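Trainee: here are the coordinates; sequence isn't available:
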């Protein structure tokens with residue numbers, strides 16, 4: 001009988017296969033972590049619905065899960081649109097993998113109604129607000145007992161101001177800075193962001209990076225592998241953990257944003273710094289592709305959205321010229 005296997009056993013096979021995909025570098029580790037967490041909620045939901053076997057799960061049950069709150073099966077509240085889209089994408093991936101593994105020939109994921117994509121609202125910081133962040137970063141480290149270059153928060157901001165994403169900041173090492181070219185090699189963004197060299201074209205950021213390099217050279221002479229802005233707990237967190245790096249950078253910058261008094265709940269966030277960089281690069285170059293290259297984005301429409309350059313087709317495809 002098709003799908004005559006317990007959901008638990010099927011999920012175990014699923015996750016083992018996805019782990020192999022990570023090892024083979026076909027999918028990113030962060031994608032596996034996110035999908036695994038979502039799959040756990042699916043397992044809990046179908047169990048609460050009395051579905052013990054894969055064949056017991058219907059497209060109706062699957063769709064109700066997509067639209068269910070974070071916990072429980074009886075609550076009436078809908079989850080956010082982002083959660084709904086993530087769950088649907090995971091459902092499609094689950095059934096595609098199960099089909100490949102011979103668990104079931106039914107592709108319930110593909111039968112789910114489509115959900116329209118929604119681009120996030122852009123809320124870039126203004127140049128004046130960026131200056132406030134710089135001032136607070138400077139003031140926070142001022143003091144008679146402060147060693148120049150010791151603090152990591154200023155260099156987190158500096159790297160972000162030249163185009164690094166939060167998950168990339170913690171991956172930057174001494175060897176990634178080319179002082180002669182005044183550039184930094186950004187990497188560590190997994191499958192989400194492209195590896196790239198970017199210019200360090202902010203004077204404040206350049207000085208902060210130089211101070212940090214000088215400090216690290218005194219602390220770890222000649223160590224080209226020293227991390228500029230991240231200090232992982234080597235006992236519990238791997239250095240290459242994208243989510244941990246991203247969280248550490250986000251926490252540092254979120255604290256800085258709050259200290260600067262420019263945090264607006266539900267509007268501004270760490271990405272507002274990236275959006276400022278996008279607006280600055282676009283103002284200087286007038287090129288959407290320059291924005292994408294600076295931020296490591298693979299899609300031009302995403303870069304265009306960040307600078308308010310959305311568009312719709314205006315031509316009339318009707319050969320008769322009628323609207």
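Mentor: Ah, there it is. Note that the structure is predicted; figures quoted are calculated from it, not measured.
Trainee: quick one: stretch 148-162 to chain centroid distance?
Mentor: 20 Å (Cα atoms, centre = their mean, to the nearest Å).
Trainee: That one spans what distance, first to last residue?
Mentor: This stretch, stretch 148-162, spans 21 Å end to end (Cα to Cα, to the nearest Å).
Trainee: domain ranges for this protein?
Mentor: With domains defined by automatic domain parsing, the chain comprises 7-111, 127-306.
Trainee: what mean pLDDT would you report for the last one?
Mentor: This points to domain 127-306. Mean per-residue pLDDT for domain 127-306: 88.
Trainee: Look up how far residue 62 lies from residue 170.
Mentor: 37 Å (Cβ to Cβ, to the nearest Å). The C-beta positions use only the backbone N, C-alpha and C, and glycine is treated the same way.
Trainee: Name the residue in these two with the higher neighbour count.
Mentor: Counting neighbours by other Cβ atoms under 10 Å for residue 170 and for residue 62 shows that residue 170 has the greater number, 28 against 22.
Trainee: Quick check, the more buried one in contact with residue 246.
Mentor: Yes. Under the criterion of Cβ atoms under 8 Å, residue 170 makes contact with residue 246 at 7.4 Å.
Trainee: Overlap of the contact sets of these two?
Mentor: The contact sets of residue 170 and residue 246 do not overlap (Cβ atoms under 8 Å, 6 or more residues apart in numbering).
Trainee: Out of the domains of the chain, which is the most enclosed?
Mentor: Comparing the domains of the chain by mean neighbour count (mean count of other Cβ atoms under 10 Å), domain 127-306 comes out on top with a mean of 18.
Trainee: distance between the ends of it?
Mentor: One end of domain 127-306 to the other measures 16 Å (Cα to Cα).
Trainee: tell me the contacts of residue 267?
Mentor: By Cβ under 8 Å, 6+ apart, residue 267 lies in contact with 121, 123.
Trainee: Figure out which of the domains of the chain is closest to residue 121.
Mentor: With Cβ to Cβ, the closest approach to residue 121 among these belongs to domain 127-306: 7.8 Å.
Trainee: residues in contact with stretch 24-34?
Mentor: 18-19, 21-22, 86, 167, 190-192, 241-243.
Trainee: Could you confirm residue 184 falls within a strand?
Mentor: Yes. Per DSSP: H, G, I helix; E, B strand; the rest coil, residue 184 lies within a strand segment.
Trainee: mind listing the helices for the protein?
Mentor: 7-23, 29-48, 59-66, 81-101, 108-111, 127-140, 153-161, 166-169, 203-219, 242-259, 271-285, 288-295, 300-306 (DSSP state H).
Trainee: which residues touch the longest one?
Mentor: With contacts defined as Cβ under 8 Å, 6+ apart, helix 81-101 is touched by 10, 13-14, 17-18, 34-35, 38-39, 41-42, 54, 62, 65-67, 70, 78-79, 104-110, 112, 115, 117-118.
Trainee: what's the angle from that helix to helix 7-23?
Mentor: Between helix 81-101 and helix 7-23, the angle comes out at 90 degrees (axes from the mean of the first three to the mean of the last three Cα atoms, to 10 degrees).
Trainee: before we move on, the earlier item: for residue 126, state which of the contacts of stretch 24-34 is nearest.
Mentor: Closest to residue 126, out of all of the contacts of stretch 24-34 and judged by Cβ to Cβ, is residue 167, at 24.9 Å.
Trainee: how near is the closest one to residue 309?
Mentor: From residue 167 to residue 309 the distance is 25 Å (Cβ to Cβ).
Trainee: do the same with residue 81
Mentor: As defined by Cβ to Cβ, residue 81 lies at a distance of 23 Å from residue 309.
Trainee: how long is stretch 52-60 from one end to the other?
Mentor: For stretch 52-60, the end-to-end distance is 16 Å (Cα to Cα).
Trainee: cool, stretch 44-52 as well?
Mentor: 11 Å.
Trainee: how far is that stretch from where the chain is centred?
Mentor: 31 Å.
Trainee: what pLDDT, on average, does that stretch get?
Mentor: On average, stretch 44-52 scores 92.
Trainee: go on, stretch 9-24?
Mentor: Stretch 9-24 comes out with an average pLDDT of 90.
Trainee: can you give me how far that stretch is from the chain middle?
Mentor: 22 Å.
Trainee: Likewise for stretch 103-119?
Mentor: 23 Å.
Trainee: Other residues contacting that stretch?
Mentor: In this structure, residues lying in contact with stretch 103-119 by Cβ under 8 Å, 6+ apart are 2-3, 5, 10, 13-14, 54-55, 57-59, 62-63, 66, 81-82, 84-85, 88, 91-96, 98-99, 302, 305, 310.
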